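A.B. asks: make a model of this:
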Amino acid sequence: MNPINYQKINQQTINNWIDNGWEWGQPISHTEFEEAKNGNFSVKLTPTKSVPKDWIGNLRGKKVLGLASGGGQQMPIFTALGAQCTVLDYSDRQIEQERIVAQREGYLITLLQEDMSNPLPFANDTFDMIFHPVSNCYIEEVKPLWKECYRVLKKGGVLLSGLDIGVNYLFDEEEKTLINTLPFNPLKNEEHLRQMQKSNGGIQFSHTLEEQINGQLEAGFTLLSLYDDTNGYGNLHEHNVASYIATKSIK
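C.D. replies: Alright, predicted model coming up:
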């Protein structure tokens with residue numbers, strides 16, 4: 001197979017999704033921002049379940065990194081809760097959504113359009129929390145990312161992650177017929193690439209729990225808690241099949 005610049009493909013794919021009303025690219029409203037100041041808020045790492053508020057804790061004066069977490073949904077809420085936020089995302093449209101909310105609400109935020117498969121452009125021990133919704137399915141290797149998260153977090157810092165556990169990549173588009181073996185990797189399997197092109201899904205990769213949870217442990221994290229979640233729609237959801245896990249880990 002010829003080399004593919006999959007990061008650029010994913011950037012354009014997500015930009016197109018946002019232009020077509022993708023739910024994870026729609027900024028929160030002014031009312032939601034104001035409500036968050038009073039502690040009334042909800043943020044998600046996975047499709048349907050809200051993150052427990054005790055996972056987030058008191059953010060007053062804390063430094064938070066939204067890792068592949070652009071879109072103007074979570075960082076405005078964390079800002080309303082008193083955090084100093086930074087967003088790193090490879091989609092310029094997701095970055096723009098963050099800028100729109102920050103300008104509307106009159107707060108400062110650091111916005112970086114960067115590829116998270118590269119070393120993170122931050123000094124050691126910079127952040128108190130990293131918020132990383134489901135997105136590492138768009139990079140081929142995740143273990144280096146966990147090492148970088150550990151590096152840029154302060155001692156006692158928290159990593160909150162949403163993880164696709166691979167089930168979604170086994171089935172056809174109707175989620176009824178088992179058609180693939182894992183790992184799902186369009187860079188190495190032409191049939192996987194064809195499926196991604198047909199579905200306009202960019203270039204996605206399955207990752208095992210060993211890569212994702214043990215990868216965090218290998219990086220030095222201690223796993224504190226987790227919960228699972230479904231797609232929120234479709235045949236797997238209707239059968240209550242968990243497709244995602246959210247984890248809370250500490251440095």
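
A.B. asks: following the lengthiest strand in the chain, which helix or strand comes up?
C.D. replies: Ordering each strand of the chain by length in residues (DSSP state E) puts strand 153-164 first. Using DSSP states H and E, the next helix or strand after strand 153-164 towards the C-terminus is helix 190-199.

A.B. asks: so which bits of that next one are buried?
C.D. replies: If you call a residue buried by 16 or more other CB atoms under 10 Å, then helix 190-199 has these buried ones: H192, L193, Q195, M196. To be clear about C-beta, it is placed using only N, CA and C from the backbone, and glycine gets the same treatment.

A.B. asks: which of those lies closest to F41?
C.D. replies: If you rank the buried residues of helix 190-199 by distance to F41 using CB to CB, M196 comes first, at 34.2 Å.

A.B. asks: tally of neighbours for the nearest residue to the closest one once chain neighbours are set aside?
C.D. replies: Once flanking residues are discounted, M196 sits nearest to P186: 5.0 Å by CB to CB, 6 or more residues apart in numbering. Residue crowding around P186 was assessed by other CB atoms under 10 Å; the count is 23.

A.B. asks: which residue is nearest the middle of the protein?
C.D. replies: Residue closest to the mean C-alpha point of the chain, counted by CA atoms, centre = their mean, is P133 at 2.6 Å.

A.B. asks: who's in contact with that residue?
C.D. replies: Residues near P133 by CB atoms under 8 Å, 6 or more residues apart in numbering: W24, K44, L45, T46, A68, S69, Q74, G162.

A.B. asks: state the distance from the second one to Q195.
C.D. replies: Think K44. 26 Å (CB to CB, to the nearest Å).

A.B. asks: quick one, helices of the stretch 1-150 of the chain?
C.D. replies: 6-19, 30-37, 53-56, 75-80, 92-105, 143-152 (DSSP state H, counting those that start in this stretch).

A.B. asks: sorry, back to before: quick one: which of the buried residues of helix 190-199 is nearest N20?
C.D. replies: Closest to N20, out of all of the buried residues of helix 190-199 and judged by CB to CB, is M196, at 17.3 Å.

A.B. asks: tell me if I'm right that the closest one and Q204 touch.
C.D. replies: Yes: assessed by CB atoms under 8 Å, M196 is found in contact with Q204 at 6.4 Å.

A.B. asks: overlap in contacts of those two?
C.D. replies: Counting by CB under 8 Å, 6+ apart, the contacts common to M196 and Q204 are P186.

A.B. asks: report the separation between N5 and Q12.
C.D. replies: N5 is 10 Å from Q12, where distance means CB to CB.

A.B. asks: so these two - more neighbours on which side?
C.D. replies: Using other CB under 10 Å as the criterion, N5 and Q12 rank with Q12 on top: 14 against 9.

A.B. asks: so who does that one touch?
C.D. replies: With CB under 8 Å, 6+ apart, Q12 has no contacts at all.

A.B. asks: quick one, phi psi at the residue nearest to S50 when sequence neighbours are not counted?
C.D. replies: Excluding its sequence neighbours, the residue lying closest to S50 (CB to CB, 6+ apart) is S42, at 4.3 Å. Phi and psi for S42, reported as degrees, to the nearest 10, are phi -150, psi 130.

A.B. asks: name whatever forms a beta bridge with the residue nearest to K49 when sequence neighbours are not counted.
C.D. replies: Once flanking residues are discounted, K49 sits nearest to D229: 4.8 Å by CB to CB, 6+ apart. Under DSSP bridges, the beta-bridge partners of D229 are Y244.
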